[in-house]
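1. Kindly generate the corresponding structure for this input.
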Amino acid sequence: MNLYLQIPNMQFRGCTDSLYYLSLARFGIRILSSVGGFCLLFSLLQIYFERNLPSTSCRLPPAVSEKRCRAPDGSICSGRGTCDCGICLCEVKEPGKYYGPLCECHDWVCHTYDGQVCAGHGRCDCGVCQCDVGWSGEACQYPTTCDLTRKQSNEMCRNSQGVICSNAGTCQCGRCKCENSDNSGLIYGKYCECDDTECIDDETEEICGGHGKCYCGNCYCEAGWHGDKCEFQCDITPWEIKKRCTSPDGKICSNRGTCVCGECTCHDVDPTGDWGDIHGDTCECDERNCKSVYDRYSDDFCSGHGQCNCGRCDCKDGWTGRKCEHPRSCGLSIDESKKKCQGSASQPCSGRGKCECGQCTCFPPGDSRVYGKNCECDDRQCEDLEGKICGEHGTCSCGRCICEAGWFGKLCQHERKCNMTEEESKSQCESADGILCSGKGSCHCGKCICSPQEWYVSGEFCECDDRDCDKHDGLICTGNGICNCGNCECWEGWNGNACEIWLGSEYP
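-> All right, here's what the predicted structure looks like:
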């Protein structure tokens, strides 16, 4: 007996237990889709056939089963599930889930407007916004009726420079409609400020050469590719690239350059011309550190009492100090003094202080968070953006958090034990648009843990994109701060939208 049940033109939304489909499929019954009212019927059918028909194996030939599971792009179950007797069993993941007969649908790819999926005026259905009454547009961002005057509408459409829709769109009832006559969608943003046509490779005519993703006119290349439009391929592994560009202090190009295919390109630090005072295989050398005054024309290296070697002064006999500015009254030779200050570290005073006669003076001066015989401890690494030490659930020991029992994470920010039900936890992880952790993380006891694969995602609800922070010299926050939900939080001594301005009288 081989029965075949098909209910066409209905979209599966109600029955979520794929066991119904699996059990019935093994009896030769194919249920393509359903609506909520049919769930009971399907469960009764399952019970009937389980009692009256054998269910030892699938009744479909493997080729037929695979054909039914093959998506238009040729992949099995859209690459998001497994095929069982001609039925796709979709993977359920956090955040979100895949659904549809071929697992082709997932709700976190709908268009957003002003940070909200479907602008908060519709629902996401298989990647397409279904707008509420009174709203239209791909992101449901346009009201069908407008009660604003033209002046009020235009004021709402001005970008930070006062330009209406960045001269790349028209203003409709206080919302910008970007010019995409070819329906490419490459011009977008609340004020049409993003133009992804700048990412199109002139030769291949592909976005980022087909080897990266474009975000607001900037290409973010896949591993192994580089260039403004990801047009150049690198023949070494990502691990080897990082290894070659890592400086002795563990930073990529010493935070003074950009890494391209395993080679550091050091920053041109003088805006008036090519100076070249930063050099070295990993930009570890900064000759500015040897000058008494930050002046490109000054030859006052090491106060005239020493030689500059990779940004550090090697003082002549009888002189000491970071820039050889102090007469020596020490019985140790320079090498003996450095050896005593270095200890087991890779640099004298661990690179966090100055060595004088075998003694380390840690800096910044007066900051008790940097300490140790060789300045080896830096407790600033235990602080979060709010200044809390180890999330107030642990103690800091020489720059590392020791968490209390029941807590985990680099900053002891996550509690292992959870007294919430799964529903309660998820309710606290939902962002304003109703999506769990903005579709970019997983929920643990009411708190979002952002996906580590997407380095740029942050925020309480994983709602922030650190790529939105200002860049300078190709680095987010110029490498002199950290990005906090679109704004640069500069380290001490640095200022500016991109932390590109040094406030001191001389460079650190």
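
2. could you give the mean pLDDT of stretch 60-68?
-> In this model, stretch 60-68 has a mean pLDDT of 88.

3. Might you list the low-confidence residue ranges for the stretch 201-350 of the chain?
-> 223, 268-276, 292-300, 328 (pLDDT under 70).

4. all strands of it, in order?
-> Secondary structure of the stretch 201-350 of the chain (DSSP state E, counting those that start in this stretch): strands at 212-215, 218-221, 225-226, 232-233, 257-260, 263-266, 278-279, 285-286, 306-309, 312-315, 319-320, 326-327.

5. Present those strands as TSV; the columns should include distance to Val117 and mean neighbour count.
-> For the C-beta atoms, the positions are set from N, CA and C on the backbone; glycine is no exception. Output for the strands of the stretch 201-350 of the chain, formatted as TSV (distance: least, Cβ to Cβ, whole Å; neighbours: other Cβ atoms under 10 Å):
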stretch	distance to Val117	mean neighbour count
strand 212-215	18	18
strand 218-221	22	19
strand 225-226	30	20
strand 232-233	36	14
strand 257-260	34	20
strand 263-266	39	19
strand 278-279	44	19
strand 285-286	46	21
strand 306-309	56	16
strand 312-315	53	20
strand 319-320	62	22
strand 326-327	63	14
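
6. how does this protein divide into domains?
-> 18-104, 109-209 (automatic domain parsing).

7. okay, now Trp135: neighbour count?
-> By the criterion of other Cβ atoms under 10 Å, Trp135 has 18 neighbours.

8. right, and it touches Gly120 too?
-> No: using Cβ atoms under 8 Å, Trp135 makes no contact with Gly120, being 9.4 Å away.

9. Other residues contacting stretch 181-200?
-> 113-114, 138, 157-159, 163, 165-166, 168-169, 176, 178-180, 206-208, 214-219, 229 (Cβ atoms under 8 Å, 6 or more residues apart in numbering).

10. and those, which are buried?
-> 113, 138, 157, 159, 165-166, 168-169, 176, 178, 207-208, 214-215, 218-219, 229 (16 or more other Cβ atoms under 10 Å).

11. circling back to that earlier point, hey, what's in contact with both of Trp135 and Gly120?
-> Going by Cβ under 8 Å, 6+ apart, no residue sits against Trp135 while also sitting against Gly120.

12. Tell me where the stretch 51-200 of the chain has strands.
-> Using DSSP E, counting those that start in this stretch, strands in the stretch 51-200 of the chain cover 81-84, 87-90, 98-99, 105-106, 112-113, 116-117, 122-125, 128-131, 135-136, 142-143, 169-172, 175-178, 187-188, 194-195.

13. Can you name the residues that contact the nearest residue to Ser337 once chain neighbours are set aside?
-> Counting by Cβ to Cβ, 6 or more residues apart in numbering, Ser337 lies nearest to Gly358, which is 4.7 Å off, once chain neighbours are set aside. If you count contacts by Cβ under 8 Å, 6+ apart, Gly358 has them with Cys330, Leu332, Glu336, Ser337, Lys340, Cys341.

14. just the buried members of those residues?
-> Buried among those (16+ other Cβ under 10 Å): Cys330, Leu332, Ser337, Lys340, Cys341.

15. Please tell me I have it right and the third one contacts Glu356.
-> This means Ser337. Yes: if you go by Cβ under 8 Å, Ser337 and Glu356 touch, sitting 7.4 Å apart.
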